[in-house]
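> missing the sequence, but the structure's below:
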């Protein structure tokens, strides 16, 4: 399964593409789309065109985006909401199912701790994907989101397997609960 | 010039298509896209697919959308922002330039009064477009936005004409100022 993680923003939109084969992860690509300033509509077009190019080039099968919460600055929240709307629309228009995760779920999946610092997330993304260098924060957030989806998908698959009659008598309860937290 | 006015929303997105020939307006179509409930990504897809269908069917040349402001409820603002991002993205992806107007500009253009009530806007839209009945509020808002763009475009054209050497000695100052307010 090839996953596109997106970290939407109106100045910079980060993306990260990861292949997940069960618990195994393989880095494919990551980067940022620089949006520039000016009127909103052309900026949203830049978000769309950049992500559409990534989708055409790397052909991911699913997309994962972080859930945003209302910010201290409502105007920033509104701008970010519009960027996020553009990013999700681009994914769904390209027939990608989109999963959403809270920042806490993403950090938990990557760093094992829901309140991990940005630098910890960067370091863990580098480690989990065996990258030669530290990814930029925007790319790291997008990759972390893709990794989170890979974990959630693995958990769901495991939980589904456990829910079927278990020939070896396992209950799978712990796994189901973890899957519930991660989804 | 065929104008698509959009009133984005995550429950209902209104649209209105108007032909403008200088100051003359002709109603083409209007309606609402009903979004339903559930997860955000499929709802944004519904916004996109509905507007894409309207664009394919009526082939507008420009789009006009109301500028939204931060709401009393920040969560609603965030949701609306995402719907607006999806709507604008759909327009720009279909190569439509998008103009944005404040609610006050739209009301001013349609009802001659920036603080006009919704019912006044509906009534004026019905009158300006010679509609047989009152349009729904969502469709009326979208049509009002299209009418506002038609006015702004006419004003800009008039102001540009006035800015050129005026054979009849007019200064065109008033018009330029009004165009400035409306754009």
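The structure has been received and is ready for your questions. From a predicted model like this one, the values you see are computed outputs, not experimental measurements.
> can you pull the phi and psi angles for the residue lying closest to residue A:26 once chain neighbours are set aside?
Leaving aside its sequence neighbours, residue A:26 sits nearest to residue A:19 (C-beta to C-beta, 6 or more residues apart in numbering or on different chains; 4.2 Å). Every C-beta, even on glycine, is put in place using the N, C-alpha and C of the backbone. Per-residue torsions, residue A:19: phi -90, psi 130 (degrees, to the nearest 10).
> tally of neighbours for residue A:19?
17 (other C-beta atoms under 10 Å in any protein chain shown).
> for the one 10 residues further on, same thing?
For residue A:29, the number of neighbouring residues by other C-beta under 10 Å comes to 15.
> now do the SS call for it.
strand (DSSP: H, G, I helix; E, B strand; the rest coil).
> tell me what the residue lying closest to it once chain neighbours are set aside is bridged to.
Leaving aside its sequence neighbours, residue A:29 sits nearest to residue A:17 (C-beta to C-beta, 6+ apart; 4.6 Å). When bridges are called by DSSP bridges, residue A:17 pairs up with residue A:4, residue A:29.
> I figured residue A:17 was touching residue A:58, is that so?
Yes - between residue A:17 and residue A:58 there is a contact at 4.7 Å, judged by C-beta atoms under 8 Å.
> what touches both of those two?
Residues touching both residue A:17 and residue A:58 by C-beta atoms under 8 Å, 6 or more residues apart in numbering or on different chains: A:2, A:4, A:28-29.
> for residue B:64, state which of those is nearest.
Nearest to residue B:64, judged by C-beta to C-beta, of these is residue A:4 at 32.1 Å.
> before we move on, the earlier item: quick one, which of the shared contacts of residue A:17 and residue A:58 are buried?
Burial by neighbour count, 16 or more other C-beta atoms under 10 Å in any protein chain shown: within the shared contacts of residue A:17 and residue A:58 this picks out A:4, A:28.
> about what we covered before: what is the burial count for the residue nearest to residue A:29?
Using other C-beta under 10 Å as the criterion, residue A:17 is surrounded by 24 other residues.
> so who does it touch?
With contacts defined as C-beta under 8 Å, 6+ apart, the neighbours of residue A:17 are A:2-5, A:28-30, A:54, A:58, A:60, A:146.
> could you redo the last one with a cut-off of 6 Å?
A:4, A:28-29, A:58, A:60 (C-beta atoms under 6 Å, 6 or more residues apart in numbering or on different chains).
> how close does it sit to residue A:142?
Taking C-beta to C-beta, to the nearest Å as the measure, residue A:17 falls 9 Å from residue A:142.
> residue A:77 too?
Distance from residue A:77 to residue A:142, by C-beta to C-beta: 20 Å.
> between the two, who's got more neighbours?
residue A:142 (30 against 20).
> the more buried one: which element?
Using DSSP states H and E, residue A:142 sits within helix A:137-163.
> so which elements touch that helix?
strand A:2-7, strand A:12-21, strand A:24-34, strand A:62-66, helix A:103-111, helix A:118-128, helix A:173-182 (3 or more C-beta pairs under 6 Å, 6 or more residues apart in numbering or on different chains; DSSP states H and E).
> ok, which of these comes nearest residue A:72?
Shortest distance between residue A:72 and these, using C-beta to C-beta, is found for helix A:103-111: 14.8 Å.
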